[in-house]
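# Sequence and predicted structure, then a few things I'm wondering about:
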Amino acid sequence: DIIIEPDLRTMNKSSLKIFLLLLIPLSFPFTARSQTSTWTLQRCINEALSRNIQLNITRRSNDIYQVNLDLARNAQYPSLNGNANQGFSFGRSLNPVTYQYVNQSILTNTFSLTGSLVLFEGEQLINTIRQNKELYNAGKMDIETYKNTIIVSVANSYLQLLLDNELVKIADSTIATDKQQIDITKVKVTAGAVPELNLYQVQSQLATDQLALTNNLNQQALDKLTLEQLMDKPDSAGFDIDKPVLPEPPTHIDSIPSSLIYNQSVESQPQVKSTELKLAGANYGIDIAKGTAYPRLLLNGSISTNYSSNRTQPQFLGTTPEQVGYIQGPPVTPVYSEVPQYENKTYLFPNQIGENIGEGLTFSLVVPIFNNYIIRANAQQATINRDVAQLNDAYTRQQYRTTIEQTYTSYFDASKQYASAIEALRTETEAYNTMKVKYKSGSSTASDLILEQNKYVAAESQVAQAKYSYIFRQKVLDFYQGKPITL
């Protein structure tokens, strides 16, 4: 490689500025690579909520209910339509403007505006508005339900990854201890204090613990991938989460009835609100079906005009004297009268359109008498839909009660498990430390040390698992009671 080493002492000020400006962009990639930001739980949740495709589908699908609501509201307003027709007639035909038969080609135009307003229809319109409003709000609750599912899933995956980190640390610490024991055992074997079998046993334990570390790292990689997939984020080697210091769970919690948590939180749950709103919409569906049995009264109005190419307009030219009789004589005297004279001229298009305007206003009453039992069938279908909505509401409440009971039971059990695991780790720590002293002094074998070490590692792992199990269930219960999930 050719290395250019500029002599800054010989550069003038302008050359030095150019050299420094060229170095600035070259330093950016290295700076960006050297800075890696960790992902907090809130950042992961925000990313998942913004990128989740199924959530965006749910949001977009709810827009249909908004359109339906707008349609129902707009149906209250009068309708107005414009019409324009142009016709050509050949041969003998009826002039639609003059209503006279003529034997010639005719060009005709008609223009009209027609409007209609519903005056009464059994409150179908207002009930349709109410129904679509309930369904639209239910759709918004469905969005919140799906968001809650994503939040809980991300929190679970995040805490699982924190647990994986703890287990990897435990495995690393165990391997370091194994290596120390190997060094101690080698010294003893060289001195003839212990048989060589002890060295093989400690080395075998090191291989076993290295395998455990590999398994923990593999599980950590899988759980990291799961979290990235929840955020719809491609797998990245540089992805890492923030590792906050979490408080230790209490070793004792007071038991409260899970029904108390259920009663305090059930009405605020979006999935419960959704089924309630859908039930209200189904009740309006019954009213809509019943409304079709009432008479329907409409007000119709129209304004129209037309044009015909063969229509002429007489134009007054003046008067001329014409003999209308005579007076007998002698002599005979003719009698004259002024007779008006007209000439048929083309009746211009604008004039015809302006002078042929006509208006109309009608009331239309439709009374349903017999419609092949369609009205009754619609009412039956609406009633069935209402019953199904009631069952869905009851089922959703039942499922939420089950979730609360199971989560609270697991939360209470995790607290007891954590307390037991802490006590087991305390006693096992004392036993393990004692065994290490005895092994170092030669009063115990490698098998005894390995057995005690495995029990100690298992106790550490149980404490970590119980801790994160308790934290997750506590966060879920708080979340159900309206508190955000934070670490």
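Yep, that arrived.
# Helices of the chain, residue ranges please.
Read by DSSP state H, the chain holds these helices, from start to end of the chain: 13-34, 41-51, 53-74, 124-191, 196-230, 258-265, 270-291, 349-355, 374-441, 446-480.
# now the second one: how far from the chain's centre is it?
I take that to be helix 41-51. 14 Å (CA atoms, centre = their mean, to the nearest Å).
# what's the angle from it to helix 53-74?
Angle of helix 41-51 versus helix 53-74, following axes from the mean of the first three to the mean of the last three CA atoms, to 10 degrees, is 60 degrees.
# other SSEs contacting helix 41-51?
In terms of contacts (3 or more CB pairs under 8 Å, 6 or more residues apart in numbering; DSSP states H and E), helix 41-51 is packed against helix 124-191, helix 196-230. Where you see a C-beta, it was placed from the backbone N, CA and C, and this is true even at glycine.
# May I have the predicted confidence score for residue 8?
Confidence per residue is given as pLDDT, and for residue 8 that number is 43.
# Show me which residues of stretch 428-438 are buried.
When burial is assessed from 16 or more other CB atoms under 10 Å, stretch 428-438 yields the following buried residues: 428, 432, 435, 436.
# same deal with stretch 207-215?
Residues 209, 212, 213 are the ones in stretch 207-215 that count as buried (16+ other CB under 10 Å).
# where does the chain have low pLDDT?
The chain contains residues with pLDDT under 70 at 1-36, 95-98.
# which residues does the residue of it positioned farthest from its centre contact?
No residue in the chain sits farther from the centre than residue 330, which is 112.1 Å out by CA atoms, centre = their mean. The neighbourhood of residue 330, defined by CB atoms under 8 Å, 6 or more residues apart in numbering, contains no residues.
# Ramachandran coordinates for it?
phi -80, psi 150 (degrees, to the nearest 10).
# where's it relative to residue 336, distance?
Separation of residue 330 from residue 336 (CB to CB, to the nearest Å): 19 Å.
# How about residue 416?
From residue 416 to residue 336 the distance is 132 Å (CB to CB).
# How about residue 224?
Using CB to CB, which is the criterion applied here, residue 224 is 119 Å from residue 336.
# And residue 317, by the same measure?
18 Å.
# and what of residue 127?
Separation of residue 127 from residue 336 (CB to CB) stands at 80 Å.
# Which one of those two is surrounded by more residues?
Between residue 127 and residue 336, residue 127 has the larger neighbour count (other CB atoms under 10 Å), namely 20 against 12.
# Report the contact partners of residue 317.
For residue 317, the contact set (CB under 8 Å, 6+ apart) comprises 341, 342, 343.
# could the residues you listed go into a markdown table alongside distance to residue 71?
Formatted as a markdown table, these follow (distance: CB to CB, whole Å):
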| residue | distance to residue 71 |
| --- | --- |
| 341 | 63 |
| 342 | 57 |
| 343 | 58 |
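# any chance of those residues in JSON lines, plus neighbour count and distance to residue 112?
Written out in JSON lines, the entries for the contacts of residue 317 read as follows (neighbours: other CB atoms under 10 Å; distance: CB to CB, whole Å):
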{"residue": "341", "neighbour count": "13", "distance to residue 112": "37"}
{"residue": "342", "neighbour count": "11", "distance to residue 112": "32"}
{"residue": "343", "neighbour count": "10", "distance to residue 112": "32"}
